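Visitor: Give me a 3D structure for the following:
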Amino acid sequence: MGRYFPFTAMRALLAAARQRSGLPARLSFGAALLLGLSACQMGLSGDRSSPTELAEALTEYRVVPASRAFVNVPSALVVMERDLGVATEQRVTLPNATSLAGENLILLRAQTRGASGGRLLLDDVLAQFGGPPAPFSSVSEGGLTATSDQHGDITYTVARPGGGVTCVLAFRRSQIGGRALPRGTAALDLMMRNCVSGTVEQALEPIGAQAFGLGVPRSG
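Guide: Residues are numbered from 1 along each chain as shown. Take a look at the predicted model:
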C-alpha cells in the first residue's frame, strides 16, 4: 500500500469493510485498525475486488495544468488527474450554459496495460467511468448512433430535455496508431456528457477531430 496510508483512505477502507462484514459501526481503535489493515490486504472484498477498483476507491484527483489534458479543449474550466496504477484518469470539466442540472464533463482513461482491443462496449465503458450521468440513466446499446472522423469513431446518444437544450453522451476509443497517445499507454478511452443550447454537432465539438487529434499529449 506504499510507505504511508492516508487517514481518508483508512476511513474509506473501514467503512467498506464494516459494510461488507456486517460488523457494528462502533469499534475500538485496535479492532478498527486491524479491520482496516485486513481490508487493505484483501482488497476490501477478497478476490472479488481488482487492484484497479481499489485504486479508484482510494485515489483522489488533483488539479493539473490544462496543457496536460489528453484532449485540446480551450473552454475547459478545470482539468484533474489521478494515477490508478494501470491507467491515468483525467476529468475535464466543461462549461454548462443551460439550466439543466449536472456537470458537463469529459472523462478520459489512458491505460498502460490491460486495455481490451476492439470497439467500446457500452456496459464496459460505463462501468469504467462510474455509470451513466443524468439525463442518460436508461442508455442502451440500441439507442447509440455512430459517426467518424480521421481519428476513428464517435459513438453517442442524444437527449432533448426541452427548452432548446441538446444533451449528448458520447464515447471514443483510440489505440496505438489512431492518434498520439500519452507516454507509455496502449489505449485512450473517453466518455463525455455535454448539454448545450444548440445542435448535436455543437454538443460533440469538445471531442471532435480538432480536440481529439491532440498532437503530443503528455502524462506525468
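Visitor: Surely residue 55 touches residue 84?
Guide: Yes: applying Cβ atoms under 8 Å, one finds residue 55 in contact with residue 84, separated by 4.3 Å. For the C-beta atoms, the positions are set from N, CA and C on the backbone; glycine is no exception.
Visitor: Look at the two and report which has more neighbours.
Guide: For residue 55 against residue 84, the residue with the higher neighbour count under other Cβ atoms under 10 Å is residue 84, and the figures read 19 against 16.
Visitor: The more buried one and residue 52 touch, don't they?
Guide: Yes: between residue 84 and residue 52 there is a contact at 5.8 Å, judged by Cβ under 8 Å.
Visitor: Let me see the ranges of the strands in the protein.
Guide: Counting by DSSP state E, the segments of the chain that form strands are 62-64, 78-83, 87-94, 104-111, 145-149, 152-162, 165-175, 187-196.
Visitor: and the fourth one, what does it pack onto?
Guide: Using 3 or more Cβ pairs under 8 Å, 6 or more residues apart in numbering; DSSP states H and E, the elements in contact with strand 104-111 are strand 87-94, strand 187-196.
Visitor: mind exporting it as CSV, just the C-alpha atoms?
Guide: As requested, the backbone C-alpha atoms of strand 104-111 are provided in CSV (Å, rounded to 0.1, in the frame of the first residue of the first chain):
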residue,chain,number,x,y,z
ASN,A,104,-20.7,18.8,-18.5
LEU,A,105,-17.5,16.8,-18.4
ILE,A,106,-15.1,14.6,-20.3
LEU,A,107,-13.7,11.5,-18.5
LEU,A,108,-10.6,10.0,-20.1
ARG,A,109,-8.6,6.9,-19.1
ALA,A,110,-5.2,6.3,-20.6
GLN,A,111,-4.5,2.6,-20.0
